[in-house]
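Visitor: Sharing a model that was predicted from the sequence below.
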There are 4 protein chains.
Amino acid sequence: MNKNRLEAFSDGVLAVAITLLVLDLHVDHSSPLSLAEQFRDEWPTFAAYVVSFFYIGVIWLNHHSLFRMATGVDRGVLVYNLILLLFVTAIPFTTSTYAEYVQDDGMDAKLAVLAYGVVTEGMAISFTLILARLLKVGLTSGKLPADQGRKLLVRYGIGTVVYPVITLIGWFYPPAMLVFYAGVIGYYLGPGLRTLDHLTGSD
Amino acid sequence: MNKNRLEAFSDGVLAVAITLLVLDLHVDHSSPLSLAEQFRDEWPTFAAYVVSFFYIGVIWLNHHSLFRMATGVDRGVLVYNLILLLFVTAIPFTTSTYAEYVQDDGMDAKLAVLAYGVVTEGMAISFTLILARLLKVGLTSGKLPADQGRKLLVRYGIGTVVYPVITLIGWFYPPAMLVFYAGVIGYYLGPGLRTLDHLTGSD
Amino acid sequence: MNKNRLEAFSDGVLAVAITLLVLDLHVDHSSPLSLAEQFRDEWPTFAAYVVSFFYIGVIWLNHHSLFRMATGVDRGVLVYNLILLLFVTAIPFTTSTYAEYVQDDGMDAKLAVLAYGVVTEGMAISFTLILARLLKVGLTSGKLPADQGRKLLVRYGIGTVVYPVITLIGWFYPPAMLVFYAGVIGYYLGPGLRTLDHLTGSD
Amino acid sequence: MNKNRLEAFSDGVLAVAITLLVLDLHVDHSSPLSLAEQFRDEWPTFAAYVVSFFYIGVIWLNHHSLFRMATGVDRGVLVYNLILLLFVTAIPFTTSTYAEYVQDDGMDAKLAVLAYGVVTEGMAISFTLILARLLKVGLTSGKLPADQGRKLLVRYGIGTVVYPVITLIGWFYPPAMLVFYAGVIGYYLGPGLRTLDHLTGSD
């Protein structure tokens, strides 16, 4: 099966999801607070906006790399890709939930962290499943020997281990969560992307 | 007429519609309920979100398969495709209506089920009309003999019979509706997709 | 200049605008009205949704035909196309304004009709300017002799005369406005599209 | 690395962002004000809508020209492009903030001007970084000699000087801000675009 429309549809969903994040940013003219006070009080919203924006951006970059390597797609890949997109489209929701509750005490902030973590974990698992499927059915370009495939699987699979750890830390100290996700983004935009490009032969 | 821009426009509308579903998910920081209580009370919203997401995803997959088979489009196909997209873009509305009213007694939940059913039925009829038109004016690839065309028509046409049945069941027991749509999705992602790929020669 | 990215960007804007129309459809669970009563009271919203959906759909079809005929674009075409898209993205706003005010007495409904009319008129003028520019600078395919160009200009230009007439009628009887736009859509989906295809040689 | 999916993703984000601007336009049927009064009171919203629409449109045109000139993209370009898109998606937010607060006295209107200015400045810097990166790593088409590259850099870099000046003027007289941005747009749609086309050899 041709991968073009899968890429086009995924690009569309990712582009809409990343742009919908902005709907969380808003000020209220009828508020008794001044604009400066509203900006100050909404810092978690701005911080979460920036982090989630780059997070979806990184998903797009990885998706880009992954399917550049694919020579085609089969039914399994289409289904796993739909599951991936389900989790991606949920990110604007978990982002706004986190921004609203991160400063609360008790269970509310913890649950908001958990929701964000569950969605990123689901995303990471779907990503790994797509890669594993592509490798299993031989839909990767000839440049990819078996040990490279394993390295790629480890590289993607590692996200599925990292996100629960971040979630655990965030459970105890919710504001720290964003910092760790920023670290993940930094990794992917720097050495991670380089490794991937190297492994997929697009260096 | 060339089918490329029809595919690009349809991909765009489907990508936006599937992503807009997330706007139904929201929590309210000013609510007296805790976040856990809000998540619990909103289970119909989450369930409807997941089902409608995959439902639109399946429509995209089928649209993908259908137009991969098409060698071109004519005016009739363009018009039927617009009607199809009208019903698809209405799904975020019927989804949120269903999620809000499914737990009510009496006519409200029944009407919400009916609205969801009318939209899916309209979608299925449009889909069948597109296929029938492509077959009638000979805009399908050479791989498709007449009896295959009939099989495809039956396969798509069957949705127009299934959705009224689901709606009837949902009328009497609204929460069951989503389970049956989940069944339809499972069918399409599994054997349905396989049959279609086989019939359209993209196996 | 290559027309591909103009087409891709325009398809994107049209796809988002046509899908955003659905945000007007909503029911309110906290309303004292039953769902049936809400559906009944919202009939102008549903009617305006369907008409504006097909209206934007027709703009997409015409845009499709127009640029299929173009061999390239210049700076003037890019600017006129941006103006066209400005008016198209305003349609969800004038649609919801019309739906909310059509049943009011006095100036409010008249003004809502006028807003809808101004936007469609702006759209029609932009469309005509794009065509005139393509013809003037010779960016149309060789199949188009001068008299065909004039016929096309008349065909598009006629919209700029029709919309003010519809607006005038709607000014005196607001609910009639949608019926006349439905007529315009019917014309474009039927004989209009046929004429255009004939003139642009894609018959 | 191939530039196609970067262009497709950027087109998607720009198309969604430019269309989301319309969500700021709304009238309220339950308001005691007539529709005419609401239209009159909302003039800053309409003015900001038109200016920001063309502003994003100009970004798209420039993005279009820039990447038409690029022969490929590397990791740095992908990251700078993500930062560019972050600022672009923030424009609907700063636009609505400006429209709501421009008529206020004191710090609120000044801060709204500053927010708009910071976002456009961030956009201009990202744009310059993309161009500088393309020039540095030699990912521009052969038509571009070194002195042309410097001219292009000056031409883009100038935005980073112009926006702070506009913001300073707007700080003292907030309503003037839009007029100056309209001037920037006029420059880019006229002589700016011509210069760019000339420099990038697509004249």
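Guide: Received it, and whenever you're ready, just let me know what you need. Numbers count the residues shown, from 1 in each chain, chains lettered A, B, ... in the order given.
Visitor: So which bits of chain A are right by chain C?
Guide: residue A:16 (Cβ under 8 Å from any Cβ of the partner chain). For the C-beta atoms, the positions are set from N, CA and C on the backbone; glycine is no exception.
Visitor: residue contacts, the closest residue to chain D within chain A?
Guide: Closest residue of chain A to chain D, Cβ to the nearest Cβ: residue A:15 (3.0 Å). Residue A:15 makes contact with B:15, D:9, D:12-13, D:15-16, according to Cβ atoms under 8 Å, 6 or more residues apart in numbering or on different chains.
Visitor: repeat for residue A:55
Guide: With contacts taken as Cβ under 8 Å, 6+ apart, residue A:55 has the following neighbours: A:91, A:120, A:181, A:184-185.
Visitor: Which of those sits closest to residue C:139?
Guide: Taking Cβ to Cβ as the measure, residue C:139 lies nearest residue A:91 of those, at 42.2 Å.
Visitor: who touches that closest one in this structure?
Guide: A:17, A:21, A:52, A:55-56, A:119-120, A:123.
Visitor: Just those: which are in helices?
Guide: When the contacts of residue A:91 are checked against helices (DSSP state H), the matches are A:17, A:52, A:55-56, A:119-120, A:123.
Visitor: Adding distance to residue D:147 and pLDDT as columns, could you present those in CSV?
Guide: Shown next, in CSV, are those (distance: Cβ to Cβ, whole Å; pLDDT from 0 to 100):
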residue, distance to residue D:147, pLDDT
A:17, 42, 96
A:52, 42, 97
A:55, 41, 96
A:56, 39, 97
A:119, 50, 97
A:120, 48, 97
A:123, 47, 96
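Visitor: Turn the buried ones among the residues you listed into a named PyMOL selection, would you?
Guide: Selection of the buried residues among these in PyMOL, burial being defined by 16 or more other Cβ atoms under 10 Å in any protein chain shown:
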select buried, chain A and resi 17+52+55+56+119+120+123
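Visitor: residue at max distance from the center of chain A?
Guide: For chain A, the largest distance from the centre (Cα atoms, centre = their mean) belongs to residue A:32, which lies 36.3 Å off.
Visitor: still on that earlier bit, identify the residue nearest the residue of chain A closest to chain D in space, chain neighbours excluded?
Guide: In space, and not counting its chain neighbours, residue A:15 is closest to residue D:12: 3.0 Å by Cβ to Cβ, 6 or more residues apart in numbering or on different chains.
Visitor: Mind telling me what element the one you found is part of?
Guide: According to DSSP states H and E, residue D:12 maps onto helix D:4-20.
Visitor: Would you mind identifying the next helix or strand past that helix?
Guide: Next element after helix D:4-20 (DSSP H and E): helix D:35-41.
Visitor: if you look at that next one, does any of it touch chain A?
Guide: No. Against chain A, helix D:35-41 shows no contacts by Cβ under 8 Å from any Cβ, the least distance being 11.7 Å.
Visitor: tell me which strands and helices that helix is in contact with?
Guide: Identification of packing neighbours for helix D:35-41 by 3 or more Cβ pairs under 8 Å, 6 or more residues apart in numbering or on different chains; DSSP states H and E yields helix C:107-136.
Visitor: How far away from the center of its chain is the helix it packs on?
Guide: From the chain centre to the centre of helix C:107-136 is a distance of 8 Å (Cα atoms, centre = their mean, to the nearest Å).
Visitor: Could you confirm whether that helix reaches chain D?
Guide: Yes. Helix C:107-136 is in contact with chain D by Cβ under 8 Å from any Cβ, via C:107-108, C:111-112, C:115.
Visitor: which among the residues you listed gets closest to residue D:189?
Guide: When the residues of helix C:107-136 next to chain D are compared for distance to residue D:189 (Cβ to Cβ), residue C:115 wins out at 25.9 Å.
Visitor: how about stretch A:163-183, does it reach chain B?
Guide: No. In terms of Cβ under 8 Å from any Cβ, no part of stretch A:163-183 sits within range of chain B; the closest distance is 11.8 Å.
Visitor: for the record, mean pLDDT for that stretch?
Guide: Averaging the model's pLDDT scores along stretch A:163-183 yields 95.
Visitor: sorry, back to before: which of the residues of helix C:107-136 next to chain D count as buried?
Guide: C:108, C:111-112, C:115.
Visitor: want to try CSV for those residues, with distance to residue C:141 and pLDDT as columns?
Guide: Shown next, in CSV, are those (distance: Cβ to Cβ, whole Å; pLDDT from 0 to 100):
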residue, distance to residue C:141, pLDDT
C:108, 47, 94
C:111, 43, 96
C:112, 41, 96
C:115, 37, 97
